[in-house]
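*Asks:* Got a predicted model here, sequence first, then my questions.
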Amino acid sequence: AQSVGGDFQSDWSTPVDVANGAASAINLSLNMQRGPDLPAAWPRRKPEHLATVDTLPDGSGKDIIMKNCSGCHSPNQVSASSYEPKGWASNVEDMAELMVGSGVPEMTTDEQKVLVDYLVANLPPMPAPDPNSRFPHELMQGEARNYRSVQYNLETRDVETHDVAVDPNGIGWANQRTGGRISRFDPESYEYTEIEPPLLAGAKRARPGNLQINAEGIMWLADPFSKRWLSYDIANDKWTNWLFPMDPKVDQIPGANPVVHHNGKVTDTIRGPVQGNSLVINPHDKSIWMSGPGAVRRLDPATGEWYTYDSPTWLATQKNPGGYGITVDGKNRIWEAENLVDKLARYDGVTGEVKVFDLEPGAYPRRMDYDNKGDVYVGLWGVSKILKIDVQTDEMSEILPPIKYNGAYSIDFDKSSNLMWVTLQTADYIARYNTDTKQWLMLPLPQAESDVRRIEVDQKLTNRIWWVTNGIDARIGFIELLK
């Protein structure tokens, strides 16, 4: 154990045995000065407001970044990154495999080698920070003093536990994007287990995408390596494949012939990759929606039919404007973040109307949710703000968290009380905002560089907020306000 308070901290204590059902004591003394604070940034990266692709030297590697990488994320994200040589090789290999069948320029084996050599030479690893280097120096007061953080550290550190969801029994689940499995953590027994999606013929492993769980306990996720969406009936341990309608001349799975409605016309394919950044289950009709490259996709599980709607941004430019967070508003319309061009797109699945809203330059909208009035809230990661959209009037207003360069990322509402929870990803906080009183509750995570990409409120136990880390160490856990 270790204690931290103000500008001081203790040394780590020696291990203490605790007998079952018994108590034990540890004495800690705040006799050590804390180290310097870590600037807000992505784990082991330069702050993105200081790092741009222009800082990289010219060369074939930079050309590959601009040609192959910028279709899915900003090239500045690459220039701010840093890995060990093994990490760069693994990252490039994984991205190259993901490009296959994704509608973006694919990398040859030679290009992959050139890119890895370039990245290793120009973006070496940064040192590990002090784990306490993002804790506040002011002593916490009031409600902020009365919470706990519980986490489970996965044995394999680099499996990218990217997304979290809570099932009807209060169990937390997380996808392992590079580990190919699904994590399960019981908050009462602290039991941790894993399951693995069944593989289709020819697949070496799964790549579970963003997962969500509906009120009936059915988990939904995408698996681009097998070109499918998946549903998993948790109670009955039953998997179902929903084969994604890709181009039959190139990548269609034998035997897959689903009906696709593309912008209102019947076809047999969906443009873009199998996996989008975010998935939402429409509470009105139980349909499954996922973000895409300037488009949204919908699967109707009752009929097996697919629907896809293109954004006017894509139609006007034929360039990927991004496709990040996605949610449903109170009028049963779908909102999507076009993160690469600082826009939001709103889709009406009934009338087919699509409307685009411009955001401020550099906003980089991430993930979003709706409150119990049906209004939409979006994390503007690039400018460290939260955007609220009144769905009755389309009026937009901003909410400013109390930390600069906070990286507002994922939002989830406690629907019973209309409290908004948000992960401040580059500052290592999970925060609560009261939309009525305009008050913030700031709860620091247990260590620096947690890299929390998604949070979810347990709607039956709303003082418990689940999170996962996607950065250096894979973890699943929750924070809990103590009553």
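*Replies:* Done, it's in. From a predicted model like this one, the values you see are computed outputs, not experimental measurements.
*Asks:* By mean pLDDT, point me to the weakest helix or strand of the chain.
*Replies:* helix 75-79 (a mean of 75; mean pLDDT, DSSP states H and E).
*Asks:* Can you name the next helix or strand after that helix?
*Replies:* Sequence-wise, the next helix or strand downstream of helix 75-79 (DSSP states H and E) is helix 85-99.
*Asks:* Give the buried residues for that following helix.
*Replies:* Within helix 85-99, the residues scored as buried using 16 or more other CB atoms under 10 Å are Gly87, Trp88, Ala89, Asn91, Val92, Met95, Ala96, Glu97, Leu98, Met99. Just so you know, the C-beta spots here come from the backbone N, C-alpha and C atoms, and that holds for glycine as well.
*Asks:* Also stretch 301-316?
*Replies:* Here stretch 301-316 shows Pro301, Glu305, Trp306, Tyr307, Thr308, Tyr309, Asp310, Ser311, Thr313, Trp314 as buried, counting by 16+ other CB under 10 Å.
*Asks:* distance between that stretch and the chain's centre?
*Replies:* The chain centre lies 22 Å from the centre of stretch 301-316; the measure is CA atoms, centre = their mean, to the nearest Å.
*Asks:* how about the strands of the stretch 101-250 of the chain, start to end?
*Replies:* If DSSP state E, counting those that start in this stretch is used as the criterion, the strands of the stretch 101-250 of the chain fall at 147-153, 161-166, 172-176, 182-185, 192-195, 212-213, 218-223, 228-233, 238-243.
*Asks:* possible to save those as a markdown table with mean pLDDT and distance to Pro293?
*Replies:* Shown next, in a markdown table, are the strands of the stretch 101-250 of the chain (pLDDT from 0 to 100; distance: least, CB to CB, whole Å):
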| stretch | mean pLDDT | distance to Pro293 |
| --- | --- | --- |
| strand 147-153 | 95 | 34 |
| strand 161-166 | 97 | 18 |
| strand 172-176 | 98 | 20 |
| strand 182-185 | 98 | 26 |
| strand 192-195 | 98 | 30 |
| strand 212-213 | 98 | 20 |
| strand 218-223 | 97 | 14 |
| strand 228-233 | 96 | 17 |
| strand 238-243 | 95 | 20 |
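*Asks:* Most tightly packed of these?
*Replies:* Compared across these, strand 172-176 shows the largest average neighbour count, a mean of 28 (mean count of other CB atoms under 10 Å).
*Asks:* Output the contacting helices and strands for it.
*Replies:* Under the contact definition 3 or more CB pairs under 8 Å, 6 or more residues apart in numbering; DSSP states H and E, strand 172-176 sits against strand 161-166, strand 182-185, strand 475-481.
*Asks:* Relative to Tyr324, which of those strands is closest?
*Replies:* Tyr324 lies closest to strand 161-166 among the helices and strands packed on strand 172-176, at 12.8 Å (CB to CB).
*Asks:* For that closest one, give me every contacting residue.
*Replies:* 154, 172-177, 183, 209-213, 219, 453-459, 466-470, 474-476 (CB atoms under 8 Å, 6 or more residues apart in numbering).
*Asks:* Return the residues in contact with the residue lying closest to Leu299 once chain neighbours are set aside.
*Replies:* Nearest residue to Leu299, sequence neighbours excluded (CB to CB, 6 or more residues apart in numbering): Ile288, at 4.5 Å. By CB under 8 Å, 6+ apart, the contact set of Ile288 is Trp220, Trp229, Leu279, Val280, Ile281, Asn282, Arg298, Leu299, Pro301.
*Asks:* Just the closest of the residues you listed to Ile65, please.
*Replies:* Using CB to CB, the contacts of Ile288 come closest to Ile65 at Leu279, 27.8 Å.
*Asks:* got a pLDDT number for the closest one?
*Replies:* On pLDDT, Leu279 comes in at 96.
*Asks:* Please report how far it lies from Arg157.
*Replies:* 25 Å (CB to CB, to the nearest Å).
*Asks:* Next: Thr308.
*Replies:* Distance from Thr308 to Arg157, by CB to CB: 37 Å.
*Asks:* Please apply the same query to Ala89.
*Replies:* Distance, Ala89 to Arg157, by CB to CB: 17 Å.
*Asks:* just Ile411 next, same as before
*Replies:* Applying CB to CB, the value for Ile411 to Arg157 is 27 Å.
*Asks:* of the two, who's got more company?
*Replies:* Legend: neighbour count by other CB atoms under 10 Å for Ile411 and Arg157, higher for Ile411 (26 against 12).
*Asks:* Show me the beta-bridge partners of that one.
*Replies:* Val422 (DSSP bridges).
*Asks:* Is it correct that it is in contact with Tyr377?
*Replies:* Yes - under the criterion of CB atoms under 8 Å, Ile411 makes contact with Tyr377 at 5.1 Å.
*Asks:* So for those two, which residues contact both of them?
*Replies:* Each of Met368, Asp369, Ile386, Met420 lies in contact with both Ile411 and Tyr377 under the rule CB under 8 Å, 6+ apart.
*Asks:* now, which of the residues you listed sits nearest Pro127?
*Replies:* Nearest member of the shared contacts of Ile411 and Tyr377 to Pro127, counting by CB to CB, is Ile386, at 32.1 Å.
*Asks:* And for the closest one, nearest residue in space, chain neighbours not counted?
*Replies:* Spatial nearest neighbour of Ile386, chain neighbours left out: Ile399 (4.1 Å); criterion: CB to CB, 6+ apart.
*Asks:* ok, that neighbour - contacts?
*Replies:* Tyr377, Lys385, Ile386, Leu387, Lys388, Tyr433.
*Asks:* which pair in those spans the largest distance?
*Replies:* Using CB to CB, the pair of the contacts of Ile399 lying farthest apart is Leu387 and Tyr433, separated by 12.8 Å.
*Asks:* These two - which one has more neighbours?
*Replies:* Between Leu387 and Tyr433, counting by other CB under 10 Å, Leu387 is the more crowded of the two (24 against 19).
*Asks:* How about residues contacting the strand or helix carrying the more buried one?
*Replies:* According to DSSP H and E, Leu387 maps onto strand 385-389. By CB under 8 Å, 6+ apart, the residues outside strand 385-389 that reach it are 329, 335, 344, 357, 359, 363, 365, 375-380, 395-401, 408, 411, 420, 422, 433.
*Asks:* swap the cut-off to 7 Å and go again
*Replies:* For strand 385-389, the external contacting residues (CB atoms under 7 Å, 6 or more residues apart in numbering) are 375-380, 396-400, 408, 411, 422.
*Asks:* Export only the CA atoms of that strand, formatted as CSV.
*Replies:* What follows is strand 385-389, C-alpha atoms only, in CSV (Å, rounded to 0.1, in the frame of the first residue of the first chain):
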residue,chain,number,x,y,z
LYS,A,385,-15.2,20.6,-24.0
ILE,A,386,-18.5,18.9,-23.9
LEU,A,387,-21.2,19.9,-26.4
LYS,A,388,-24.9,19.7,-25.6
ILE,A,389,-27.5,19.6,-28.4
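*Asks:* For the buried ones among the contacts of strand 385-389, write the corresponding PyMOL selection.
*Replies:* Of the contacts of strand 385-389, the buried ones go into a single PyMOL selection, burial set by 16+ other CB under 10 Å:
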select buried, resi 375+376+377+378+379+380+399+408+411+422
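*Asks:* Reformat the contacts of strand 385-389 as CSV; add pLDDT.
*Replies:* Converted to CSV, those look like this (pLDDT from 0 to 100):
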residue, pLDDT
Asp375, 97
Val376, 98
Tyr377, 98
Val378, 98
Gly379, 98
Leu380, 98
Met396, 98
Ser397, 98
Glu398, 98
Ile399, 98
Leu400, 98
Ala408, 97
Ile411, 98
Val422, 98
